[in-house]
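Visitor: pasting the sequence and the predicted model now:
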Amino acid sequence: MSSYGKSYGKLAESLDPASTVLLTVECQRGVVGSDSALPELAEQARASGALDHVARLVGAAHECGVQVVHAVAERRADGRGASRNARLFRAAERLPVKQLTGSDAVRVVPEIEVAEEDLVVRRLHGLSPIAGTDVDALLRNLGCRTLVVTGVSANVAIPNAVFDAVNLGYTVVVPRDAIAGVPAEYTPAMIDNTLALVATVATTADVLGVWKRPAAEEAPEGRATPA
């Protein structure tokens, strides 16, 4: 079997729609939207193409039956239950755009389709979209074995999600062009030197190639059909 066939076959096995869940992390209006509380991050998510790639992955997931989970970070207007034990949390309290429960800021950006069958998980505390939330229980009930992690930021929430998922026993796939952080050069460095040690790093095109490839499609000439 060619190297192409081997790599495709391994990724295809991991991304079986029946046991794969696509997670979008903090792809909400108040984070990556036009009125973001973090304009530098929002700009990078758009300029890098990451937000567009997340949208394409979500669309493909809907088409091929992969469950989509949207992880949203928010807080109550009175701040009750919110974390305050780190500099990041205290800084967020001073930002002009608040991620308040029920506000437009905590709605998924319009570029990303939220289908009726999607799950939206909201957290009021902490740094991780998995730890301390309903995500793990939902994934297990869904029969998930592989979690595809996308969104923002590569600085905090994305590595938290990847580490938490790996520690919980899931196989993790990270499409490197579907996550963003600041500064721009930090994201590839973090992927190559950290996430690649614990997750399968791919591209959006790689994942779409698996999800959109007909099961009976023959491999291109000179390439072996994945087993």
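Guide: Sure, I can see it.
Visitor: pLDDT below threshold where in this protein?
Guide: Judged against pLDDT under 70, the low-scoring parts of the chain cover residues 1-7, 214-227.
Visitor: what about the strands in it?
Guide: If DSSP state E is used as the criterion, the strands of the chain fall at 20-25, 67-73, 119-123, 146-152, 171-175, 179-180, 200-202.
Visitor: so which of these is the most surrounded?
Guide: Ranked by average neighbour count under the criterion mean count of other Cβ atoms under 10 Å, the strands of the chain are headed by strand 179-180 at a mean of 28. Backbone N, C-alpha and C define where each C-beta goes, glycine included.
Visitor: so which elements touch that one?
Guide: When contacts are defined as 3 or more Cβ pairs under 8 Å, 6 or more residues apart in numbering; DSSP states H and E, strand 179-180 packs onto helix 39-47, helix 50-64, strand 146-152, helix 186-193.
Visitor: Serialize the strands of the chain to CSV and add fields for distance to L88.
Guide: Conversion of those to CSV gives the following (distance: least, Cβ to Cβ, whole Å):
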stretch, distance to L88
strand 20-25, 15
strand 67-73, 11
strand 119-123, 14
strand 146-152, 14
strand 171-175, 22
strand 179-180, 17
strand 200-202, 26
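Visitor: out of the helices and strands packed on strand 179-180, deepest packed?
Guide: Using mean count of other Cβ under 10 Å, the stretch among these with the largest mean neighbour count is strand 146-152, at a mean of 27.
Visitor: neighbouring strands - and their directions - for it?
Guide: According to DSSP bridges, strand 146-152 has the following sheet partners: strand 20-25 (parallel), strand 171-175 (parallel), strand 179-180 (parallel).
Visitor: distance between it and the chain's centre?
Guide: Distance, stretch centre to chain centre, for strand 146-152: 3 Å (Cα atoms, centre = their mean, to the nearest Å).
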